[in-house]
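Enquirer: Kindly return the folded structure for what I paste below:
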Amino acid sequence: MKHIKILLLALLLVFTASGCKDFFDVNEPSNVVPPSEHKLNLLLPSAEYYTINMQFAEAFSIGQVQQHIASYFDHGIDQHYESSVSGVWRNFYTKALYTLRRMDELAQQKNAVHYQGIINVLKALNLGMATDLYGDIPYFEASMGSNNLQPAVDSQQTLYNEIQSLLDNAIAQLNATDNSGLANIKGDGVYNGDLGKWTRLAYTLKARYAMHLIKRNGAVAAANEALNYLQNGFTSNADDFQLKFNEKQKNPWHTSVVLASNTGNISVLFSEQLVNYMNSSIYPTANYDPRIYDYIDNGSAPTFDGALNGNEGKTAANTPANTEFNANSYYFKQDSPIVMVSYAEALFLKAEAEFLANGGTTTSTGSTQAAYDAYKAGIEVNMNKIGIDSALRDAYLSDPAIDMGVANLKLKDIMVQKYIALLLNPEVFTDMRRYDFSTDVYPGLNLPANQNPDIAGDWFKRAIYPVSELNRNPNLNATFQPINVPVWWEQ
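Expert: Residues are numbered from 1 along each chain as shown. Next comes the predicted model:
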C-alpha cells in the first residue's frame, strides 16, 4: 500500500494532465510540474509504473498475435491487421523515457550513482520493449523537447549495442561506492532499494537480449554469452521484476478484462493455442496442466474450449468459446502483480541456451543434464510462484510427457513450457519470431482464421509507427516497414 501511495503521488508530480495534441509526441510532454520540483525518490515509482504499464499495453495487443488470447472482434490485430500498438509508443516516449531522462539529469547533478544504475536498467528494459516491437526508432535524439522536434531514427543494431552498454554501466554503478547521500534508494516500489536484486535483473536482461541475437551472432555464440550472464542473474522467485497493485490502483488486466467482461464490455478471452498446450491435446499428459485452472474460468464446464484466433470468440467448430479470464487467478485479481522478468524466464533461457550450446536444433533430440534440469526447474518455480498445490505440481512434473528424460528432450519442450509460464508476456512474441513461428518449436501453431489478406500466409512481425508520428517526423517515413517485415535481429 505504501508503495502504491508513493506511486500515485509521483504520477501527480510528473503529469498533472494529458495533452491530446501531444499524444504521440516523442519530445517533452505538456503540462508538467517545473523541473525544480522533481525529486529522484518521487520520480522512480513513476518510471517503474510507466515501464510496467508499457508492457501491459503491448501484451493486450501482441498477446493476440502470440495466441495467448483471442479477440471477440473482427478486423483487428487478432487477424493480423495493421496496428501501431499506440499505448506502447505513448508510454515510451511521453512517459517512461521522458521521466528516466529527467531522473538521469538529477542523478548526475547529485552524483547519485546507485540511482543512475537503476535508471540505466529501466532505460534498457524500456528501450528493448520499444525496439523489439517497432524495429528502428528514435532514441538518442528523442525526448529533447523543442530542441529537436524531428529526432533522427536509430537502427535496431545500434540500439541493441546501447541496451548492453546501459546494462554494463548499470552493473558497475550498482556495485560502486555512492557518497552522494542518496546511496539508500527511496521510492522503489519493485525491489525496495535492494541493489543486489537490481544487479541480478541487469544480468538476466543481458542474457535475454543476448539470446535475441541467435540469428545474428550464431546460436552457439549467443547461447554461451547468455549462459555467462545467467551465472549472475536471478536465483529465486524473490528476484522477479514485478509491480503489485491494490484495491485502489487495480491491476489493469482485472479492470480491462475481468471487470469489463462482467459489465458486458467483452474484449478478449483465452486462445485455443494456449489451451491446447494445457489440456492434454498436444502434450498427452494424464491430467490437465494444473495452471489451466488458475488462468481460466470455463464456467465449470467439463472441457476448456479455447477461442480460435480470428474467429470472433468462437472455437474452431464455430461454437462459443468458454475460456474467460479467471477473476481469482494469481495474475488477474485486483491486487495481482504484472510480472515483467521472472526467475522462470531465466531458467528457460538457461535451458534453451544449454540446449543450443550443445549443438541442439529445432528438430534435434537430447541435450545436457543442465538443460534438462533448468527446463524442469522452470516449470516448478512458475507453479510455486502462482500457488499450485504441490501434489498437483509433482504429478505434472513426473508425467512421462513432461519428464521425458535428458535423451529425449527437444527444443519444443523448453519453448512450450516457457510459453505457458510467461503468460501474457510479450517476450513470447520475440521467441516466436526468433524461431520463425516454427511448428517444430510451437506444435499446433497456425495462422489466425480470416487473416488480413494483405499478408495472407505470413505472420504479423512488427507494429507500424503511429500515423500521427509519420506526419510529424519525416525521418520515420524513410524507415517505415509493413507489419510482416522482420525486424533486424530476426533476419
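Enquirer: all strands of the stretch 251-400 of the chain, in order?
Expert: For the stretch 251-400 of the chain, the strands defined by DSSP state E, counting those that start in this stretch occupy 268-270, 296-297, 324-325, 337-341.
Enquirer: Indicate which one of those strands is closest to N246.
Expert: Across the strands of the stretch 251-400 of the chain, the minimum distance to N246, taken as Cβ to Cβ, is reached by strand 337-341, at 10.6 Å. Where you see a C-beta, it was placed from the backbone N, CA and C, and this is true even at glycine.
Enquirer: Out of the strands of the stretch 251-400 of the chain, which one sits most buried?
Expert: strand 268-270 (a mean of 26; mean count of other Cβ atoms under 10 Å).
Enquirer: That one pairs with which strands, parallel or anti?
Expert: Next to strand 268-270 in the sheet, as set by DSSP bridges, lie strand 69-71 (antiparallel).
Enquirer: what's the next secondary structure element after the strand it pairs with?
Expert: Counting by DSSP states H and E, the next helix or strand C-terminal to strand 69-71 is helix 86-90.
Enquirer: could you give the mean pLDDT of that following helix?
Expert: Mean per-residue pLDDT for helix 86-90: 96.
Enquirer: And for stretch 395-415?
Expert: For stretch 395-415, the per-residue pLDDT averages 98.
Enquirer: Next, the buried residues of that stretch.
Expert: Residues of stretch 395-415 classed as buried: 396, 399, 402, 409-415 (neighbour count, 16 or more other Cβ atoms under 10 Å).
Enquirer: okay if I get those residues as TSV plus secondary structure and distance to G76?
Expert: Formatted as TSV, the buried residues of stretch 395-415 follow (DSSP: H, G, I helix; E, B strand; the rest coil; distance: Cβ to Cβ, whole Å):
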residue	secondary structure	distance to G76
Y396	helix	34
D399	coil	37
I402	coil	35
L409	coil	37
K410	strand	34
L411	helix	31
K412	helix	29
D413	helix	32
I414	helix	31
M415	helix	26
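Enquirer: any idea which of the residues you listed is the one closest to D74?
Expert: Using Cβ to Cβ, M415 is the member of those that sits closest to D74, with 30.3 Å.
Enquirer: I'd like to know how many residues surround the nearest residue to S84 once chain neighbours are set aside.
Expert: Spatial nearest neighbour of S84, chain neighbours left out: P466 (4.3 Å); criterion: Cβ to Cβ, 6 or more residues apart in numbering. Residues within reach of P466, counting by other Cβ atoms under 10 Å, total 22.
Enquirer: same thing with the one 10 residues further on?
Expert: One way to gauge burial is a neighbour count; for L476, by other Cβ under 10 Å, it gives 23.
Enquirer: got the buried residues for the helix or strand that contains it?
Expert: Assignment of secondary structure by DSSP H and E places L476 within helix 474-477. Residues of helix 474-477 classed as buried by neighbour count (16+ other Cβ under 10 Å): 475-476.
Enquirer: what does that helix rub up against?
Expert: By Cβ atoms under 8 Å, 6 or more residues apart in numbering, the residues outside helix 474-477 that reach it are 138, 150-153, 465, 469-470.
Enquirer: pLDDT (mean, whole number) over that helix?
Expert: The average pLDDT for helix 474-477 rounds to 96.
Enquirer: i'd like the first residue to be 18 from this point on
Expert: All set: I'll call the first residue 18, so the last point we hit is now helix 491-494.
Enquirer: Quick one: distance of that helix to the chain centre.
Expert: Relative to the centre of its chain, helix 491-494 is centred 27 Å away, using Cα atoms, centre = their mean, to the nearest Å.
Enquirer: Could I get the CA-only coordinates of it as CSV?
Expert: Output of helix 491-494 as CSV, limited to C-alpha atoms (Å, rounded to 0.1, in the frame of the first residue of the first chain):
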residue,chain,number,x,y,z
PRO,A,491,9.6,12.8,-41.8
ASN,A,492,12.6,10.8,-40.6
LEU,A,493,10.2,7.9,-39.7
ASN,A,494,8.9,7.6,-43.3
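Enquirer: Same list, the strands of the stretch 268-417 of the chain, but as TSV with mean pLDDT and distance to R451 please.
Expert: Output for the strands of the stretch 268-417 of the chain, formatted as TSV (pLDDT from 0 to 100; distance: least, Cβ to Cβ, whole Å):
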stretch	mean pLDDT	distance to R451
strand 285-287	98	24
strand 313-314	98	27
strand 341-342	98	28
strand 354-358	98	17
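Enquirer: Point out the one among the ones you listed that comes closest to Q266.
Expert: The closest of these to Q266 is strand 354-358. By Cβ to Cβ, the value is 11.6 Å.
Enquirer: So what are the sheet partners of that closest one and their directions?
Expert: Going by DSSP bridges, the partners of strand 354-358 are strand 258-261 (antiparallel).
Enquirer: what residues are up against L212?
Expert: L212 is in contact with 131, 134, 191-192, 202, counting by Cβ under 8 Å, 6+ apart.
Enquirer: Report the two of the residues you listed separated the most.
Expert: Maximum distance among the contacts of L212 (Cβ to Cβ): 13.9 Å, for N192 and I202.
Enquirer: Looking at these two, which has the bigger crowd around it?
Expert: Between N192 and I202, counting by other Cβ under 10 Å, I202 is the more crowded of the two (22 against 13).
Enquirer: wait, isn't that one in contact with G213?
Expert: No - I202 lies out of contact with G213 (Cβ atoms under 8 Å); the separation is 11.8 Å.
Enquirer: quick one: the helices in the stretch 318-467 of the chain?
Expert: Under the criterion DSSP state H, counting those that start in this stretch, the stretch 318-467 of the chain contains helices at 360-374, 386-403, 407-414, 428-438, 444-451.
Enquirer: Could you give me the buried positions within stretch 199-216?
Expert: For stretch 199-216, by 16+ other Cβ under 10 Å, it's 199, 202, 204-208, 210, 212, 214-216.
Enquirer: before we move on, what about stretch 256-267?
Expert: Under 16+ other Cβ under 10 Å, the buried positions of stretch 256-267 are 256-262, 266-267.
Enquirer: Need those residues in JSON lines (columns: distance to N469 and pLDDT).
Expert: Compiled in JSON lines, these are given as follows (distance: Cβ to Cβ, whole Å; pLDDT from 0 to 100):
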{"residue": "D256", "distance to N469": "40", "pLDDT": "98"}
{"residue": "D257", "distance to N469": "36", "pLDDT": "98"}
{"residue": "F258", "distance to N469": "34", "pLDDT": "98"}
{"residue": "Q259", "distance to N469": "34", "pLDDT": "98"}
{"residue": "L260", "distance to N469": "34", "pLDDT": "96"}
{"residue": "K261", "distance to N469": "37", "pLDDT": "94"}
{"residue": "F262", "distance to N469": "34", "pLDDT": "96"}
{"residue": "Q266", "distance to N469": "36", "pLDDT": "91"}
{"residue": "K267", "distance to N469": "33", "pLDDT": "96"}
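Enquirer: I299: which of these is nearest?
Expert: For the buried residues of stretch 256-267, the nearest to I299 is D257 (27.5 Å; Cβ to Cβ).
Enquirer: ok, that closest one - contacts?
Expert: Shown in contact with D257 (Cβ under 8 Å, 6+ apart): 251, 356, 358-360, 402.
Enquirer: Look up phi and psi at P417.
Expert: Dihedral pair for P417: phi -60, psi -30, per degrees, to the nearest 10.
Enquirer: which residues does it contact?
Expert: Contact criterion Cβ under 8 Å, 6+ apart gives no residues in contact with P417.
Enquirer: give me that answer again for 10 Å
Expert: Each residue near P417 by Cβ atoms under 10 Å, 6 or more residues apart in numbering is listed here: 301-303, 425.
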